[in-house]
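*Asks:* What follows is a predicted structure for the sequence shown.
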Amino acid sequence: MHRSSKLLGYLLMAMALVLAASPPVSASAAPPPHRPSPARPWARLCLKLKLQPRHKNIRCVFPPAPRVAKRAMLTPTINEISIPTTPSTPVGIASGPDGNVWFTENYANKIGKVTTGGVFTEYSLPTADSQPAHITTGPDGAVWFTEATNNKIGRITTSGTITEYALPTSAAYPWSITVGPDGDLWFTETDANKIGQIDTSGNITEYSLPTAGAYPLFITAGPDGNLWFTEPLAGSVARITTGGTVTEFAAPSGAMPLGITTGSDGNLWYGDGNGKVGSVDTSGSTFTEYSLSDPNSFPWGMTLGLDDNVWFVEQSAGNVANVTTTGTISEYALPTSVAGPLQIIVASDNNYWITEDYVDQLAIVTP
């Protein structure tokens, strides 16, 4: 068993003993049954931010206190559904080629599938303690995902057949994955400081980054035929061509770029752990950032919405939010205040689906 999984097990046992000795509390007041290991990327980066005086009060390991969403314009309807397995700790989520929603169960070591009507199916991974992270629909009609601690890229058909491909670099910790303009799958290797490329036959190529310890995190296909990704520990947003040429662009001072997506304006939009969302043009020369209502909100996953706004989740604040291309931000509190939202997508039902990592739920946002 990996060290991070052992640590999580110890924390769960300790929490169970504390709860057993405590008086009963209401379901709304009770803490979630588990919490993410500090080894996972969102906790590691949050702890890095905590070293700064501006972020000294951010809560990184246990869910934070609820915060009130501000500047909400038209309040959407938000519902939540529970995942059958607990603890599950869902992380990545994608709209599948079959019209269903697919997601990873990081702690449960499963890939989940749910219809837009709420019917779940779960598939256990062949290798124990793989900690599946992010997931995307491939060009071959299958769903592809990263196995962070198993050091593999996984492929699952819509009927549940799983194939795994080992990475050439050991302990690379593959995290985010997306489809490139070349029809290959591209992914980040956070601990190896590389970007990986895998074709649908399973052939893998890796590209080292110019800056040591950049910690490549999220990756997305850009509007310019390249792949774009974030380097939170280098304070940069970077571009890689399909031929493997990497160019890094320094974000504004103090920035910690996290999630990234292409906006309707042709720019790349990213969440900044410094309590902001920002954009950069494809030349890498012009950055613009907009402050969130809470500097410790920790914006994480992002996606382009059907309304041409960029939608994102605030992992620490427990909000779902969107930003227009001119910088107007609207934030909405999730029903479960300590949900720990991580990733957001637009599903086939035209709703936004969110993984709620702390509470083993999926949220459905109807605009």
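*Replies:* On my side now, so go ahead.

*Asks:* C-alpha only now, for contacts and for neighbours.
*Replies:* Noted.

*Asks:* residue ranges with poor pLDDT in the stretch 1-150 of the chain?
*Replies:* Counting by pLDDT under 70, the stretch 1-150 of the chain contains low-confidence residues at 1-39, 61-74.

*Asks:* residue boundaries of the strands in it?
*Replies:* 77-82, 90-95, 101-105, 110-114, 120-124, 132-137, 143-147 (DSSP state E, counting those that start in this stretch).

*Asks:* Now mean neighbour count and distance to Ile260 too, for the ones you listed, in JSON lines please.
*Replies:* Compiled in JSON lines, the strands of the stretch 1-150 of the chain are given as follows (neighbours: other C-alpha atoms under 10 Å; distance: least, C-alpha to C-alpha, whole Å):
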{"stretch": "strand 77-82", "mean neighbour count": "15", "distance to Ile260": "23"}
{"stretch": "strand 90-95", "mean neighbour count": "28", "distance to Ile260": "14"}
{"stretch": "strand 101-105", "mean neighbour count": "27", "distance to Ile260": "19"}
{"stretch": "strand 110-114", "mean neighbour count": "23", "distance to Ile260": "23"}
{"stretch": "strand 120-124", "mean neighbour count": "16", "distance to Ile260": "28"}
{"stretch": "strand 132-137", "mean neighbour count": "27", "distance to Ile260": "13"}
{"stretch": "strand 143-147", "mean neighbour count": "28", "distance to Ile260": "17"}
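
*Asks:* Need the ones you listed in CSV (columns: distance to Gly263).
*Replies:* Output for those, formatted as CSV (distance: least, C-alpha to C-alpha, whole Å):
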stretch, distance to Gly263
strand 77-82, 23
strand 90-95, 18
strand 101-105, 22
strand 110-114, 27
strand 120-124, 31
strand 132-137, 18
strand 143-147, 23
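
*Asks:* which stretch among these comes nearest Glu164?
*Replies:* Glu164 lies closest, by C-alpha to C-alpha, to one member of those: strand 143-147, at 8.9 Å.

*Asks:* Please save the CA atoms from the closest one in PDB.
*Replies:* C-alpha atoms of strand 143-147 as PDB (Å, rounded to 0.1, in the frame of the first residue of the first chain):
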ATOM      1  CA  VAL A 143     -12.800   6.800 -21.800                       C
ATOM      2  CA  TRP A 144      -9.200   7.500 -20.700                       C
ATOM      3  CA  PHE A 145      -7.900   8.300 -17.300                       C
ATOM      4  CA  THR A 146      -4.700   8.700 -15.200                       C
ATOM      5  CA  GLU A 147      -3.700   6.400 -12.400                       C
END
